[in-house]
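Colleague: What would the 3D arrangement of this be:
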Amino acid sequence: MADPLKFFRDYILNNRPIVERDEYIIFGDTAFNKDAKTNYLVWNKKDEYYTVGSLWFFYKNRELLHTTYVKEAVSNNVQIVTRPDRKTLEEYLTNEKFDRIPANVDLSAPIPQSIPVSRLTSLADAQAEAKRPRVEDEEQARKDKERLMAILDRGTSMSVTKPDTIRDLSKEHGLTAEKIAALRSKALARKRTQIKNTEEEIEEPTRTFVESDQLDAYRDIISRERTYRTRTTVMQSSVNLANQIFGILERMKIKENRNRPQPAVAPEAVEKHRAGYSRYAQERFRKEDSAKVISNAIKPPMKRVSRTPIIIIPSANSSLITVFNVRELLENFRFVSSAEKRAAGVKREPEVLIQRCKEGGVTVPYRIVDNPMRFLPEEWDRVVAVFAQGPAWQFKNWPLGATPTDIFSKVKAFHLTWDDDKLDNNISQWAVDVMALSRTKRHLDRAIFQKFWEGVERHIKRHKPFLRH
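Modeller: A predicted model of the protein is given here:
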């Protein structure tokens with residue numbers, strides 16, 4: 001998906017031309033509407049973003065004093081870049097050594113829809129066509145009118161005979177010359193209203209141009225669109241939809257079989273010879289029933305054993321990883337605090353099922369639990385990793401071992417902390433992998449959580465290869 005902010009930075013740093021054409025800003029073969037919103041937040045405003053046109057106007061007038069720039073922006077009806085954003089925005093667009101992403105860039109904001117330049121040309125042609133005088137339509141209408149009059153006048157080329165040229169037919173019946181002429185005129189007038197069916201039918205000309213109001217409405221809709229999901233991002237989803245799709249197919253199959261008419265059962269053939277009553281004939285039914293009981297006893301139903309790995313996290317609210325934010329951390333590789341997730345309306349769940357997306361589009365489910373005291377023995381066998389918070393009472397009454405040292409010899413242990421916090425004494429003595437996060441550099445989170453998954457999968461291959469990994 002094309003990001004206009006990245007286009008601005010790339011084209012400006014590489015001295016590539018940026019073209020302004022009417023209501024569009026063009027980057028090579030890609031164009032954006034000036035009103036399209038970027039993902040650069042306005043200072044001190046949570047849900048307001050700078051538009052493509054405002055960034056381009058600011059870049060062209062960055063050398064002006066701020067007061068002069070504001071006057072120019074107001075006179076041109078352009079969104080103003082605030083004074084606190086000027087320095088950071090200018091350095092990000094023009095300084096190649098500015099390698100960090102500004103704090104005002106919202107990576108989760110929707111990216112506006114780009115328009116190919118070829119499509120932009122076709123829209124301009126359509127707009128010009130809509131404004132062109134409809135001379136051709138007027139000419140066609142005139143021709144159609146002439147054809148209609150020709151059809152109406154068909155068969156009436158004979159002029160009305162003057163009364164003095166019509167002789168009297170029978171004065172006895174009152175058919176004088178004047179009366180005959182009046183009857184003939186009435187017949188011709190009636191004939192004008194009766195159009196004969198001809199092969200030449202008048203058809204309304206098909207309009208192939210775009211109405212100007214329709215074009216304006218279309219452009220307004222396109223400018224307001226925000227692409228949230230495409231068919232490419234949906235196919236790259238980390239969620240395994242196989243069970244849902246197969247479930248739908250199975251229900252459709254059952255429904256089709258239910259609606260299918262059952263074949264008529266042929267009546268049993270009349271017995272040629274009806275045998276007499278025999279009490280020994282009942283034995284064959286008992287024999288079949290006993291055979292079914294024996295076969296069922298020999299083959300008891302097999303219980304399905306789960307192969308989903310389990311990861312245990314702390315239940316304390318002071319922990320950096322909880323059931324509220326574990327999906328963001330381990331699935332999306334980005335730290336979001338538990339307080340932010342609770343404020344967003346995320347409810348506490350007893351356990352969370354996340355999907356580990358691997359190369360090739362393969363996903364592996366992992367079960368995340370913060371209270372393992374109700375585990376069955378077979379569930380303890382599937383525990384592959386644990387996040388240690390520090391106190392030893394976190395592992396009290398665990399059947400995996402009497403001490404944390406014994407437990408960590410069977411499962412992989414991790415500790416999540418800030419890079420500027422003092423390390424707990426117990427953590428420094430245990431065999432625990434420390435994951436130190438930065439408080440401000442969120443772009444470093446992915447590498448840390450990727451290293452976590454490598455350690456978990458390496459532990460599963462070595463100690464519990466019967467689980468999914």
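Colleague: From here on, just use CA atoms for contacts and neighbour counts.
Modeller: Fine.
Colleague: what does the model give the spatially most central residue of the chain for pLDDT?
Modeller: For the chain, the residue lying nearest the average C-alpha position, counting by Cα atoms, centre = their mean, turns out to be residue 229 (2.6 Å). On pLDDT, residue 229 comes in at 70.
Colleague: And the strands in the stretch 351-469 of the chain?
Modeller: Assigned by DSSP state E, counting those that start in this stretch, the strands in the stretch 351-469 of the chain fall at 351-357, 363-369, 383-387, 412-418, 433-437.
Colleague: In the sheet, which strands lie alongside the second one, parallel or antiparallel?
Modeller: I take that to be strand 363-369. Its sheet considered, strand 363-369 pairs with strand 310-312 (parallel), strand 351-357 (antiparallel) by DSSP bridges.
Colleague: Extract the C-alpha trace of that strand and format it as CSV.
Modeller: Coordinates of each C-alpha in strand 363-369 appear next as CSV, following Å, rounded to 0.1, in the frame of the first residue of the first chain:
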residue,chain,number,x,y,z
THR,A,363,0.6,-20.4,11.5
VAL,A,364,1.0,-22.3,14.8
PRO,A,365,-1.5,-21.8,17.7
TYR,A,366,-0.1,-21.1,21.2
ARG,A,367,-2.3,-21.1,24.4
ILE,A,368,-1.5,-18.3,26.9
VAL,A,369,-2.6,-18.8,30.5
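Colleague: Would you mind checking the average pLDDT for that strand?
Modeller: 93.
Colleague: Need the residues that contact that strand.
Modeller: By Cα atoms under 8 Å, 6 or more residues apart in numbering, the residues outside strand 363-369 that reach it are 238-240, 308-313, 323, 350-358, 468-469.
Colleague: quick one on the thing from earlier: deepest in the core, which of the strands paired with strand 363-369 is it.
Modeller: Mean neighbours per residue, mean count of other Cα atoms under 10 Å, is largest over those for strand 310-312, with a mean of 21.
Colleague: on contacts alone, who are the packing partners of the helix or strand just after that strand?
Modeller: Per DSSP states H and E, the first helix or strand lying C-terminal to strand 310-312 is helix 326-330. Other helices and strands packing on helix 326-330, by 3 or more Cα pairs under 8 Å, 6 or more residues apart in numbering; DSSP states H and E, are strand 351-357.
Colleague: now the strand it packs on: mean pLDDT?
Modeller: 91.
Colleague: how about low-confidence regions in the stretch 1-150 of the chain?
Modeller: 1, 121-138 (pLDDT under 70).
Colleague: C-alpha coordinates for stretch 372-388, CSV please?
Modeller: Provided in CSV are the C-alpha atoms of stretch 372-388 (Å, rounded to 0.1, in the frame of the first residue of the first chain):
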residue,chain,number,x,y,z
PRO,A,372,-2.2,-22.8,35.7
MET,A,373,-3.3,-24.3,39.1
ARG,A,374,-6.3,-26.1,37.5
PHE,A,375,-4.2,-27.8,34.8
LEU,A,376,-4.5,-31.5,34.2
PRO,A,377,-1.3,-33.6,34.0
GLU,A,378,-1.4,-33.7,30.3
GLU,A,379,-1.7,-29.9,30.2
TRP,A,380,1.5,-29.6,32.3
ASP,A,381,3.3,-31.8,29.7
ARG,A,382,2.5,-29.1,27.1
VAL,A,383,4.0,-26.2,29.0
VAL,A,384,7.0,-24.9,26.9
ALA,A,385,7.7,-21.4,28.3
VAL,A,386,7.0,-19.2,31.3
PHE,A,387,7.5,-15.5,32.1
ALA,A,388,9.0,-15.1,35.5
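Colleague: Over to the residue nearest to the centre of the chain. Which of the three states is it?
Modeller: Secondary structure, DSSP: H, G, I helix; E, B strand; the rest coil: residue 229 is coil.
Colleague: isn't residue 433 right next to residue 417, touching?
Modeller: No - applying Cα atoms under 8 Å, one finds residue 433 not in contact with residue 417, separated by 10.9 Å.
Colleague: Mark out where each domain of the protein begins and ends.
Modeller: 4-126, 135-193, 310-463 (automatic domain parsing).
Colleague: Can you lay out those domains as a markdown table showing distance to residue 245?
Modeller: A markdown table is the format used below for those (distance: least, Cα to Cα, whole Å):
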| stretch | distance to residue 245 |
| --- | --- |
| domain 4-126 | 28 |
| domain 135-193 | 54 |
| domain 310-463 | 16 |
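Colleague: Quick check: which of those is nearest to residue 225?
Modeller: Closest approach to residue 225 among the domains of the chain (Cα to Cα): domain 4-126, 6.8 Å.
Colleague: chain center to that closest one, what's the gap?
Modeller: 25 Å (Cα atoms, centre = their mean, to the nearest Å).
Colleague: low pLDDT regions in the stretch 201-350 of the chain?
Modeller: For the stretch 201-350 of the chain, the ranges with pLDDT under 70 are 201-213, 228, 233-239, 241, 262-303.
Colleague: which residue ranges form the strands in it?
Modeller: Under DSSP E, counting those that start in this stretch, the stretch 201-350 of the chain gives strands at 226-227, 310-312.
Colleague: for these, which one sits closest to residue 451?
Modeller: Short answer: strand 310-312, nearest of those by Cα to Cα, at 15.6 Å.
Colleague: For residue 387, which residues are in contact?
Modeller: Residue 387 sits in contact with 312-314, 413-416, where contact means Cα under 8 Å, 6+ apart.
Colleague: What subset of those is buried?
Modeller: When those are checked for burial by 16 or more other Cα atoms under 10 Å, the buried set is 312-314, 413-416.
Colleague: a markdown table for the residues you listed, including distance to residue 451?
Modeller: Output for the buried ones among the contacts of residue 387, formatted as a markdown table (distance: Cα to Cα, whole Å):
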| residue | distance to residue 451 |
| --- | --- |
| 312 | 18 |
| 313 | 17 |
| 314 | 20 |
| 413 | 13 |
| 414 | 11 |
| 415 | 13 |
| 416 | 13 |
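Colleague: out of residue 433 and residue 417, which sits in the more crowded spot?
Modeller: Each of residue 433 and residue 417 has its neighbours counted (other Cα atoms under 10 Å); residue 417 has more, 20 against 17.
Colleague: and that one, how far is that from residue 388?
Modeller: In this view, residue 417 and residue 388 are 10 Å apart by Cα to Cα, to the nearest Å.
Colleague: same question, residue 331
Modeller: In terms of Cα to Cα, residue 331 sits 19 Å off from residue 388.
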